[in-house]
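Novice: Structure for this input, please:
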Amino acid sequence: MDKGIFITVEGPDGSGKTTIIQMLAEKLKKEGYEIVATREPGGIEIAEQIRQVILDPKNTAMDSRTEALLYAAARRQHLAEKVRPALEKGQIVLCDRFVDSSLAYQGHARGLGIDEVYSINQFAIESMMPKMTLYFDVAPEVGLERINENKGREVNRLDLEKLEFHQKVREGYLMLAERFQDRIVKIDASKELETVYEQAEMKIKELLNR
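Specialist: As a prediction, the model looks like this:
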């Protein structure tokens, strides 16, 4: 039985989740919590290598199922090597993306089916799910505009998809938020960064105080 708490943060690129995870990690560390902030795909050497393959803009020939399997493979290694050991030590893990990303992107937007993608991920995660998931909801037009304004950010293969794809991703996330209401907390990420951060911090504090 894990002694720590596993929290994931989801949403499209441009929703501000990566910045807010950094802010949350800093604040919680100052308050004395042991925090591990990490990301998917990546977080450890093997998974970062898989990330490069998945997101390389040159890999346009990648099949949707291959993409889903690579995400699941990176997820498994990250879980085994970083997330589980941290939880066993009683630490709080804040993870930028997890299974819900695969369900929204590959399951719904790529049309592979949410339940089908969930089943291949079950093999990878052995039924391990986060205690809470913060979903940062923002219209794709807003998210993509923010990405374009962020000149220092890498442009990955998924950024090159048409607007329709990103709209389907959001649709997928909203379906998941409806389906897993006991776990997924929806936050309006179209607001100012500080407001979004405050909402996220409040939800995490509620969980920690339970």
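Novice: what ranges do the strands span in the chain?
Specialist: Counting by DSSP state E, the segments of the chain that form strands are 5-10, 35-39, 92-96, 132-137, 184-188.
Novice: wait, which of those strands is closest to Arg157?
Specialist: With respect to Arg157, and counting by Cβ to Cβ, the nearest of the strands of the chain is strand 35-39 at 16.6 Å. Using the backbone N, CA and C atoms, a C-beta is placed for each residue, glycine as well.
Novice: contacts for the closest one?
Specialist: Outside strand 35-39, the residues within contact range by Cβ atoms under 8 Å, 6 or more residues apart in numbering are 18, 21-22, 24-25, 28-29, 78, 82-83, 86, 91-97.
Novice: what lines up beside that strand in the sheet?
Specialist: Strands flanking strand 35-39 in the sheet, each with its direction: strand 92-96 (parallel) (DSSP bridges).
Novice: just the buried members of the contacts of strand 35-39?
Specialist: Under a neighbour-count criterion of 16 or more other Cβ atoms under 10 Å, the subset of the contacts of strand 35-39 counted as buried comprises 18, 21, 24-25, 28, 78, 82-83, 86, 91-97.
Novice: who's in contact with the residue nearest the centre of the chain?
Specialist: Nearest to the mean C-alpha position of the chain, by Cα atoms, centre = their mean, lies Arg97 at 1.3 Å. Taking Cβ under 8 Å, 6+ apart as the definition of contact, the neighbours of Arg97 are Thr8, Val9, Glu10, Arg39, Glu40, Pro41.
Novice: let's go with 6 Å and repeat that
Specialist: With Cβ atoms under 6 Å, 6 or more residues apart in numbering as the criterion, the residues that contact Arg97 are Glu40.
Novice: gap between it and Phe136?
Specialist: If you measure Arg97 against Phe136 using Cβ to Cβ, to the nearest Å, the figure is 11 Å.
Novice: pLDDT score assigned to the residue nearest to the centre of the chain?
Specialist: At Arg97, the pLDDT value in this model is 97.
Novice: and what of Lys162?
Specialist: The predicted structure lists Lys162 with a pLDDT of 85.
Novice: ok, now which ones touch it?
Specialist: For Lys162, the set of contacting residues under the criterion of Cβ under 6 Å, 6+ apart is empty.
Novice: which secondary element of this structure has the worst mean pLDDT?
Specialist: None of the helices or strands of the chain scores lower by mean pLDDT, DSSP states H and E than helix 140-149, at a mean of 78.
Novice: Need the contact partners of that one.
Specialist: Outside helix 140-149, the residues within contact range by Cβ under 6 Å, 6+ apart are Pro12, Asp13, Gly14, Ser15, His166, Gln167, Arg170, Ser190.
Novice: quick revisit: please report how far the residue nearest to the centre of the chain lies from Glu192.
Specialist: Here Arg97 is placed at a distance of 23 Å from Glu192 (Cβ to Cβ).
Novice: With Ile21 instead?
Specialist: Noted for Ile21: a distance of 17 Å to Glu192, by Cβ to Cβ.
Novice: With Thr60 instead?
Specialist: Counting by Cβ to Cβ - Thr60 and Glu192 are separated by 36 Å.
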